[in-house]
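J.: this is a predicted model, with the sequence first.
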Amino acid sequence: MSDKRPALQAVLFVCSLNAVRSPMAEALCRSRYGRQIYVDSAGLQKSDRDPFMLSVLREVGIEFESDQPHVLEEVDYEGVDLVIALSPEAYARAQTMLRATAVELIHWSIPDATQSGGTREQRLFAYREVREQLDKLIREEIGGRLKGRAAS
C-alpha cells in the first residue's frame with residue numbers, strides 16, 4: 001500500500017500561545033527527527049515559554065530555553081508540508097490562513113496543561129501527560145511518514 005501524500009520535509013506545530021503545546025511538540029519532534037525534516041512552532045499570540053513545559057522537557061534530556069516564541073504570521077507557514085494544530089482556536093485560524101495553499105492541516109486534540117490545578121507535582125504530572133501524548137502522536141504521524149519515505 002503506497003502513501004499518496006507528498007514527502008514530508010517541513011512541519012509546523014501551532015497552538016494558541018506558543019508557550020506549552022506547540023513548543024513542546026517542536027522540541028520533541030526536533031529531538032527525534034530534526035536531522036530529517038525542518039520543524040518549527042508558532043502561536044496565535046506570543047507568550048513567554050512556560051517554566052513547567054521547560055521542566056518536563058529537561059526531564060527527557062531536551063533543553064529548549066534558547067528557542068524564541070513566534071506568532072503564526074511571523075513564520076513561513078506556506079513553506080511547510082504539514083501544519084499540526086494543537087488547539088481548536090489554532091485549527092480554526094490555520095484553516096482560514098491555509099485555505100488557498102497546498103499545505104496539509106491536521107488537528108490533534110491536546111489538553112491545555114496550564115488549566116490543571118493542584119500542587120506543583122500534580123501540575124507537573126499534567127504537563128508530563130501532554131508530553132507523552134505529543135511524543136506518541138509525533139512518533140506515529142511524523143515517524144510513520146518518514147519511515148514510509150525511507151522504504152520507498
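T.: The structure has been received and is ready for your questions.

J.: who's in contact with the closest residue to residue 138 other than its chain neighbours?
T.: Nearest non-adjacent residue to residue 138, counting by CB to CB, 6 or more residues apart in numbering: residue 29, 5.0 Å away. Using the backbone N, CA and C atoms, a C-beta is placed for each residue, glycine as well. Going by CB atoms under 8 Å, 6 or more residues apart in numbering, residue 29 touches 11, 13, 37, 39, 138, 142.

J.: adding distance to residue 51, write these out as a markdown table.
T.: Shown next, in a markdown table, are those (distance: CB to CB, whole Å):
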| residue | distance to residue 51 |
| --- | --- |
| 11 | 25 |
| 13 | 19 |
| 37 | 28 |
| 39 | 22 |
| 138 | 22 |
| 142 | 26 |
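
J.: relative to residue 37, how far out is residue 135?
T.: To residue 37, residue 135 is 16 Å away according to CB to CB, to the nearest Å.

J.: how about residue 109?
T.: 23 Å.

J.: more neighbours, those two?
T.: Higher neighbour count among residue 109 and residue 37: residue 37, with 21 against 10, using other CB atoms under 10 Å.

J.: quick one: that one and residue 12 touch, right?
T.: No: in this structure residue 37 lies outside contact range of residue 12 using CB atoms under 8 Å: 10.9 Å.

J.: and the contacts of residue 29, which two are furthest apart?
T.: The largest separation in the contacts of residue 29, counting by CB to CB, is between 13 and 37 at 12.2 Å.

J.: shaky segments in the chain?
T.: Within the chain, the stretches with pLDDT under 70 are 1-6, 148-152.

J.: quick one, helices of it?
T.: Ranges of helices in the chain, per DSSP state H, are 21-33, 51-59, 88-98, 120-138, 144-151.

J.: can you get me a residue count around residue 11?
T.: By other CB under 10 Å, 25 other residues sit near residue 11.

J.: against residue 24, how distant is it?
T.: 14 Å.

J.: residue 15 bridge partners, please.
T.: residue 43 (DSSP bridges).

J.: which residues touch it?
T.: Residue 15 makes contact with 21, 22, 41, 43, 44, 85, 86, 87, 90, 110 under the criterion CB under 8 Å, 6+ apart.

J.: same list (the residues you listed) but as CSV, adding distance to residue 70.
T.: As requested, the contacts of residue 15 are exported to CSV (distance: CB to CB, whole Å):
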residue, distance to residue 70
21, 14
22, 9
41, 7
43, 7
44, 11
85, 15
86, 14
87, 15
90, 13
110, 18
